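Q: can't give you the sequence, but here's the structure:
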């Protein structure tokens, strides 16, 4: 893509961003231009007043005051309008990107790197906002420059080409500098993605880095190299911009020097023209430099626009019939869910065959406890994502109560489920629709042995800074509060101590079943397989067992007593049920 194509693409994207607010944006641009032209006219008045008698200067005072007022009002209106448009446009952009992410197919989100997504939503949007807020100053600077050029032409048609050539030469140098700088900014932006990845490693892997000095040093070395590379690339670009800007300034003064040389042999009338010419050139230098100084911001914004455009393209096709909000539809009682000849394959890794789950034929009956077992990587999590409707089957279909779960019904179907994934996200707030009575939440917290660490305050849990096992217990409370008919647990007991592991399998699951819930549990705990009504085994993407597994239960007498010196509590139950 050529620089012209990139610039036109940036211009089109910027116009698209401003289109919803075009009346205010147009008013700001017009008032900025009027302010700039009035400033140029004011300069002409000053030059004329310097070379006329006092009476003529006095008569022009009203026009001078009017131009001052017009310059002031135009700049104020333009600046305020630009800020209003800028804030609204950036808010609109953020909302649009957020909506795209929330409605994108889940597999597209999983394929898009998290660190790239975070950088685009934060750094790139901020970079674009910096450009948006420059619209008013740049419009004024452009209008002042245009007005000054027109006045120079009026003052001296003979000298005007000299000044124009100098300005065009400076612009040509700046265009070359911008091309060089844009390439550096683009490379620096690519390194920012890698730096964001290292930041995540430093925060999310903080515990692991504390016990591994070599890896900690490696993360720091990588971050230091990335930071240095970003610094060097940006400095290279800025050095070129500054050098080009200095060369443009030198051209200005070269033209002024030429005018001063010509003034030596000129008569008084010509001297007034030449002095006016110098005055205008000196005044015009500031807005021209302002336009030039904006080139690095424009270059970074062009890179940011490209990244945002890539993100928009990635998430351009939302999942059909997926609304961000809306009322929950009334759900019929759960009778049966059937996966019929369902298949799902992931993109192939170079040099290997793609992993495929299926064909899967599975029937889940209301009120049963179903265990899904198998080795790591065999497809258990993929299977439950298909069951939940998070993944759309590439072949086959999912039936709910005998009816196909089509695209227009899939989001309503998902509302049947509560789930705690192995890589779950713990929300610290409680939705108003799920707000419990105080005695109910106290019962949950006490029963799950976290009442000494967590309370519900102002609709949110007081903390989520807990151990891995305690966080999953807090997530379990969210499942209880949602009161949905089907609950899915993906290795919920993996981080629990032996006592709570037993409580989960032998008390919590049976109690949830007594409440009428259908339970799907991904598990490796073979000593508790007897709790299930059925176990299915997944091996290499295929269901190899779909029958009861006769595993002898472990005697509760051999289990260690529950910690914290408490006696064995009563079975878990929702207060009042």
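A: Right, received. Where do you want to start? Bear in mind the structure is a predicted one, so any value in this text is a computation, not a measurement.
Q: please name the nearest non-neighbouring residue to the residue positioned nearest the centre of the chain.
A: The centre of the chain sits closest to residue 121, judged by C-alpha atoms, centre = their mean, with a distance of 2.3 Å. Spatial nearest neighbour of residue 121, chain neighbours left out: residue 97 (5.9 Å); criterion: C-beta to C-beta, 6 or more residues apart in numbering. Backbone N, C-alpha and C define where each C-beta goes, glycine included.
Q: repeat that for residue 234.
A: Per C-beta to C-beta, 6+ apart, closest to residue 234 is residue 188, 5.5 Å.
Q: tell me what the helix or strand where residue 116 lies is packed against?
A: In the assignment (DSSP states H and E), residue 116 maps to helix 114-119. Using 3 or more C-beta pairs under 8 Å, 6 or more residues apart in numbering; DSSP states H and E, the elements in contact with helix 114-119 are helix 160-204.
Q: now do stretch 154-162: distance from first to last residue.
A: Terminal residues of stretch 154-162 are spaced 14 Å apart (C-alpha to C-alpha, to the nearest Å).
Q: may I see the buried residues of it?
A: 155-156, 159-160, 162 (16 or more other C-beta atoms under 10 Å).
Q: what ranges do the strands span in this structure?
A: Applying DSSP state E to the chain gives strands spanning 336-345, 356-365, 369-374, 395-400, 403-404, 417-420, 456-457, 460-461, 486-490, 518-522, 534-539, 542-547.
Q: Serialize the ones you listed to JSON lines and add fields for distance to residue 431 and mean pLDDT.
A: Shown next, in JSON lines, are these (distance: least, C-beta to C-beta, whole Å; pLDDT from 0 to 100):
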{"stretch": "strand 336-345", "distance to residue 431": "25", "mean pLDDT": "95"}
{"stretch": "strand 356-365", "distance to residue 431": "26", "mean pLDDT": "92"}
{"stretch": "strand 369-374", "distance to residue 431": "27", "mean pLDDT": "95"}
{"stretch": "strand 395-400", "distance to residue 431": "24", "mean pLDDT": "95"}
{"stretch": "strand 403-404", "distance to residue 431": "28", "mean pLDDT": "94"}
{"stretch": "strand 417-420", "distance to residue 431": "12", "mean pLDDT": "93"}
{"stretch": "strand 456-457", "distance to residue 431": "12", "mean pLDDT": "85"}
{"stretch": "strand 460-461", "distance to residue 431": "10", "mean pLDDT": "88"}
{"stretch": "strand 486-490", "distance to residue 431": "17", "mean pLDDT": "96"}
{"stretch": "strand 518-522", "distance to residue 431": "22", "mean pLDDT": "96"}
{"stretch": "strand 534-539", "distance to residue 431": "32", "mean pLDDT": "93"}
{"stretch": "strand 542-547", "distance to residue 431": "35", "mean pLDDT": "73"}
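Q: how about the ones you listed in TSV, adding distance to residue 468 and mean neighbour count?
A: Output for the strands of the chain, formatted as TSV (distance: least, C-beta to C-beta, whole Å; neighbours: other C-beta atoms under 10 Å):
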stretch	distance to residue 468	mean neighbour count
strand 336-345	29	18
strand 356-365	27	18
strand 369-374	21	22
strand 395-400	32	17
strand 403-404	39	11
strand 417-420	12	20
strand 456-457	21	14
strand 460-461	16	17
strand 486-490	14	22
strand 518-522	17	23
strand 534-539	25	19
strand 542-547	30	14
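Q: hmm, back to that, what sits against the residue nearest to residue 234?
A: 229-230, 233-234, 237 (C-beta atoms under 8 Å, 6 or more residues apart in numbering).
Q: of those residues, just say which sits nearest to residue 338.
A: Of all the contacts of residue 188, residue 230 has the smallest distance to residue 338: 53.5 Å, by C-beta to C-beta.
Q: residue 289 and residue 249 touch, don't they?
A: Yes: at 7.3 Å, residue 289 counts as touching residue 249 under the criterion of C-beta atoms under 8 Å.
Q: which among the strands of the chain is found nearest to residue 168?
A: strand 336-345 (58.7 Å).
Q: not counting the closest one itself, show me its contacts.
A: 354-366, 382, 386-387, 391, 393-402, 486.
Q: on that earlier part again, and the residue nearest to residue 121, what is it in contact with?
A: 120-121, 125, 308, 311-312.
Q: if we can go back for a sec, to residue 35, which of the strands of the chain lies closest?
A: strand 460-461 (49.2 Å).
Q: relative to residue 402, how far out is residue 170?
A: 75 Å (C-beta to C-beta, to the nearest Å).
Q: my error: substitute residue 448 in the last question.
A: Taking C-beta to C-beta, one finds residue 448 at 37 Å from residue 402.
Q: more neighbours: which of these two?
A: Counted by other C-beta atoms under 10 Å, residue 448 and residue 402 do not tie: residue 448 has more neighbours, with 22 against 8.
Q: residues touching that one, list them.
A: 473-474, 476-477.
Q: so can I have a markdown table of those showing pLDDT?
A: Converted to a markdown table, the contacts of residue 448 look like this (pLDDT from 0 to 100):
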| residue | pLDDT |
| --- | --- |
| 473 | 93 |
| 474 | 92 |
| 476 | 93 |
| 477 | 91 |
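Q: tell me the one of the residues you listed nearest residue 166?
A: residue 474 (69.5 Å).
Q: correct me, but the closest one touches residue 462?
A: No: applying C-beta under 8 Å, one finds residue 474 not in contact with residue 462, separated by 10.7 Å.
Q: the two: who's more crowded?
A: Taking other C-beta under 10 Å, residue 474 and residue 462 do not tie; residue 474 has more neighbours (22 against 12).
Q: so what's the residue nearest to the centre of the chain up against?
A: Contacts of residue 121 (C-beta under 8 Å, 6+ apart): 94, 97-98, 101.
Q: again with residue 185
A: 233-234, 237, 296, 299-300, 302-303.
Q: which of those are buried? Put it as a PyMOL command.
A: Listed next is the PyMOL selection for buried residues among these, using 16+ other C-beta under 10 Å:
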select buried, resi 233+234+237+296+299+300+302+303
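Q: low pLDDT regions in the stretch 1-150 of the chain?
A: 1-16, 47, 49-60, 113, 115 (pLDDT under 70).
Q: many thanks, have a good one.
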